[in-house]
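Participant: no FASTA, just this:
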């Protein structure tokens, strides 16, 4: 199926240009380690922060979309090309990044409020979250937490999954990119739904490996997302 083809292509991009991918992966993993060090006894906050990471991550990997774009042109790519993209200070990417940060912050606050208000016990570490939220008998808290998170994440995913690579690749404005992203999701609901599940599973594996797995997951998923954008827009002639 298409999402697995995107993953294969993403792996090939990473294999041919590993430097930028490893640096992005290490940087995001290091940020996660910093979060854990600062709030290791406040998992009621970390649960939302780590899950909200998935909302913001696409804008943090724009440099890897540029790597894939240039790699498709047969060029060897390094961090210098990524820095050149960042140096443009593209207003469209800045705006989109701020919107994703607002969405991520909204989810972190909502998650923390749900857990601290509805949990019968104080949530300190991960074991408390597992015992009193995930496995608590006769409790709807974890189900509610997942439902609210899904309701907040779905429109963000639909708005960004194609839009951010498109902003890197073209001069389209933010509204046009978001509209294209929603149209792609609406036309390809099964493929895009499966892609969302694959991303969640891979990021989950990265989190469960003490964030070490994110060093590889982040670049491969980012490169694969570029190929998803290419396959779902350019062949149909929607963008050029």
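Facilitator: Now that the structure is in, tell me what you want to look at. Just so it is clear, the structure is predicted and the values come from calculations on it, not from any experiment.
Participant: Please give the number of neighbouring residues around residue 40.
Facilitator: 12 (other C-beta atoms under 10 Å). For glycine as for every other residue, the C-beta is placed from the backbone atoms N, C-alpha and C.
Participant: what's the nearest residue to it if we skip its chain neighbours?
Facilitator: In this structure, residue 40 finds its nearest non-sequential neighbour in residue 125, 7.1 Å apart by C-beta to C-beta, 6 or more residues apart in numbering.
Participant: average pLDDT across the helix or strand harbouring residue 233?
Facilitator: Using DSSP states H and E, residue 233 maps to helix 214-233. Helix 214-233 shows a mean pLDDT of 95.
Participant: Could you tell me which residues within stretch 24-32 count as buried?
Facilitator: 24-25, 28-29, 32 (16 or more other C-beta atoms under 10 Å).
Participant: got it, and stretch 153-164?
Facilitator: Buried-residue list, stretch 153-164, by 16+ other C-beta under 10 Å: 153, 156-164.
Participant: okay, and the helix or strand of this protein with the least pLDDT?
Facilitator: Within the chain, judged by mean pLDDT, DSSP states H and E, the helix or strand with the poorest mean is helix 79-87; its value is a mean of 80.
Participant: packing partners for that one?
Facilitator: helix 18-38, helix 62-72 (3 or more C-beta pairs under 8 Å, 6 or more residues apart in numbering; DSSP states H and E).
Participant: next one: it to chain centre, how far?
Facilitator: In terms of C-alpha atoms, centre = their mean, to the nearest Å, the centre of helix 79-87 is set 20 Å apart from its chain centre.
Participant: what do you get for stretch 14-34?
Facilitator: The answer for stretch 14-34 is 14 Å, by C-alpha atoms, centre = their mean.
Participant: Show residues contacting it.
Facilitator: Contact with stretch 14-34 is made by 13, 50, 53, 57, 60-61, 63-64, 67, 71, 76-79, 81-82, 206-207, 211-212, 214-220, 222-223, as judged by C-beta atoms under 8 Å, 6 or more residues apart in numbering.
Participant: could you flag which of the residues you listed are buried?
Facilitator: Here, 16+ other C-beta under 10 Å leaves 13, 50, 53, 57, 60-61, 63-64, 67, 71, 77, 81-82, 206-207, 211-212, 214-220, 222-223 buried among the contacts of stretch 14-34.
Participant: next structured bit after the lengthiest helix in the chain?
Facilitator: Criterion DSSP state H: the longest helix present in the chain is helix 91-118. As assigned by DSSP H and E, the chain's next helix or strand after helix 91-118 is helix 126-129.
Participant: Not counting the helix or strand following that next one itself, show me its contacts.
Facilitator: Next helix or strand after helix 126-129 toward the C-terminus (DSSP H and E): helix 141-160. Outside helix 141-160, the residues within contact range by C-beta under 8 Å, 6+ apart are 47, 51, 54-55, 58-59, 96, 100, 103, 106-107, 110-111, 114-115, 118-119, 133-134, 136, 178, 181-182, 185, 192, 196.
Participant: which residue of this protein sits farthest from its center?
Facilitator: residue 138 (32.3 Å; C-alpha atoms, centre = their mean).
Participant: From residue 34, how far off is it?
Facilitator: For residue 138, the distance to residue 34 (C-beta to C-beta, to the nearest Å) stands at 37 Å.
Participant: Check residue 46 too.
Facilitator: Residue 46 is 12 Å from residue 34, where distance means C-beta to C-beta.
Participant: Looking at the two, which is more packed in?
Facilitator: Taking neighbours as other C-beta under 10 Å, residue 46 and residue 34 compare with residue 46 leading, 23 against 10.
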